[in-house]
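Enquirer: build me a structure from this.
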Amino acid sequence: MTGRAAGKIAFITGAARGQGRSHAVRLAEEGADIIAVDICENIDSVSPYYDLATEADLDETVRLVEGLGRRIIAHRTDVRERAGLQKALEDGISHLGGVDIVVANAGIATYGLSWELTEDQWRDMIDVNLTGVYNTAAVAIPHMIEAGRGGSIMFISSIGGLKGVQHVGHYVAAKHGIVGLMRTMANELGPHNIRVNTIHPTNVDTTMIQNPGTYGMFSPGDPEPTQEKAMPGFMSLNTLPTPWIDPIDISNAVLFLGSDEARYVTGVTFPVDAGAYVK
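Expert: Presented below is the predicted three-dimensional model:
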């Protein structure tokens, strides 16, 4: 078997669509088997802006990975509930034989000025985008240490994990939080040859940004925000002339950091951001 992830097993959260599906497919293309989880149901504080993935979406991820000749074990699992997450991972390990790559990708976005966010908006954001990331790592790490073959853990952060972004203060807080967690775990897990890094995208062309909530960020005060009205704002975020990047651009970074090509890369905040950080 050949490929940059040949023989590796990847545990990916939020795998039903968008970036998560893209990561699963890209790693499978390079020889990895996949343990995939997704909540596959809505969260009340998110629903006013966009719908989360469905079970049918997760089934499509399974179909795409199996179509590449790779194995995949998929479960409907909420990253906020560690027991369920652990059960899903252990089932995957029992079928596939271990875990080498962890991609804590599951995340949500909601919107509002920082002091006007509701308690539910704040709580759900921290629970999914920070605690969910911690839970993902926490259930995987003991298995990785016990196996003794090292590995790579990646947290999908954001450009909002490196600088402030208006109207998403809770999101920015969570994405900064996982950078601190990454830096601590990189030090703790280095002796076990387990690498830990964060990836920082600019806007990515998925449902998370293609919704009226995001459009409203870039056209504040408009009662009917649209993508067209928001386009100047999207463009202004990046140094390179693009309003957003594609999921595959992040998946290629996931592949690199998960592969042996990055065997000495740990503790890094890895931007894939069209120059948004330096602007």
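
Enquirer: going forward, measure contacts between C-alpha atoms and count neighbours the same way
Expert: OK.

Enquirer: contacts only, for the closest residue to Ile145 other than its chain neighbours.
Expert: Leaving aside its sequence neighbours, Ile145 sits nearest to His192 (CA to CA, 6 or more residues apart in numbering; 6.4 Å). For His192, the contact set (CA atoms under 8 Å, 6 or more residues apart in numbering) comprises Ile145, Gly148, Gly150.

Enquirer: since we're on the last one, how many residues are nearby?
Expert: The reference is to Gly150. Gly150: 21 surrounding residues under other CA atoms under 10 Å.

Enquirer: what's the separation between it and Val268?
Expert: 17 Å (CA to CA, to the nearest Å).

Enquirer: still on that earlier bit, distance of the residue nearest to Ile145 from Ile156?
Expert: His192 is 22 Å from Ile156, by CA to CA.

Enquirer: please apply the same query to Leu85.
Expert: Using CA to CA, we find Leu85 at a distance of 18 Å from Ile156.

Enquirer: now Asp120. Nearest residue, chain neighbours left out?
Expert: Asp120 sits nearest to Ser45 (CA to CA, 6+ apart), 6.3 Å away.

Enquirer: need phi/psi at Ile72.
Expert: phi -150, psi 140 (degrees, to the nearest 10).

Enquirer: could I get whichever strand or helix holds Ala253 in PDB with only the CA atoms?
Expert: According to DSSP states H and E, Ala253 maps onto helix 247-258. Only the C-alpha atoms of helix 247-258 are listed here, as PDB (Å, rounded to 0.1, in the frame of the first residue of the first chain):
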ATOM      1  CA  PRO A 247     -12.100  22.700   2.100                       C
ATOM      2  CA  ILE A 248      -9.400  20.900   0.100                       C
ATOM      3  CA  ASP A 249      -6.900  23.600   1.000                       C
ATOM      4  CA  ILE A 250      -7.300  22.800   4.700                       C
ATOM      5  CA  SER A 251      -7.300  19.000   4.000                       C
ATOM      6  CA  ASN A 252      -4.000  19.300   2.200                       C
ATOM      7  CA  ALA A 253      -2.600  20.900   5.400                       C
ATOM      8  CA  VAL A 254      -4.200  18.100   7.500                       C
ATOM      9  CA  LEU A 255      -2.500  15.500   5.200                       C
ATOM     10  CA  PHE A 256       0.900  17.200   5.600                       C
ATOM     11  CA  LEU A 257       0.700  17.500   9.300                       C
ATOM     12  CA  GLY A 258      -0.700  14.000   9.700                       C
END
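
Enquirer: please save the CA atoms from whatever helix or strand comes next after it in CSV.
Expert: Of the helices and strands lying after helix 247-258 in sequence (DSSP H and E), the nearest is strand 269-272. C-alpha atoms of strand 269-272 as CSV (Å, rounded to 0.1, in the frame of the first residue of the first chain):
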residue,chain,number,x,y,z
THR,A,269,-0.1,27.4,14.7
PHE,A,270,-0.3,26.6,11.0
PRO,A,271,-2.2,29.3,8.9
VAL,A,272,-3.9,28.4,5.7
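
Enquirer: paired strands for strand 269-272, with orientation please.
Expert: Applying DSSP bridges, strand 269-272 is found paired with strand 194-201 (parallel).

Enquirer: list of residues touching the next helix or strand after the strand it pairs with?
Expert: Later in the chain than strand 194-201, the nearest helix or strand by DSSP H and E is helix 212-218. For helix 212-218, the surrounding residues in contact (CA under 8 Å, 6+ apart) are 49, 110-111, 166-167, 208-209, 222, 224-227, 229-234.

Enquirer: quick check: next helix or strand after helix 212-218?
Expert: Using DSSP H and E, the next helix or strand after helix 212-218 towards the C-terminus is helix 227-237.

Enquirer: same question for that next one: list its buried residues.
Expert: Of the residues in helix 227-237, Gln227, Ala230, Met231, Gly233, Phe234, Met235, Leu237 count as buried by neighbour count, 16 or more other CA atoms under 10 Å.
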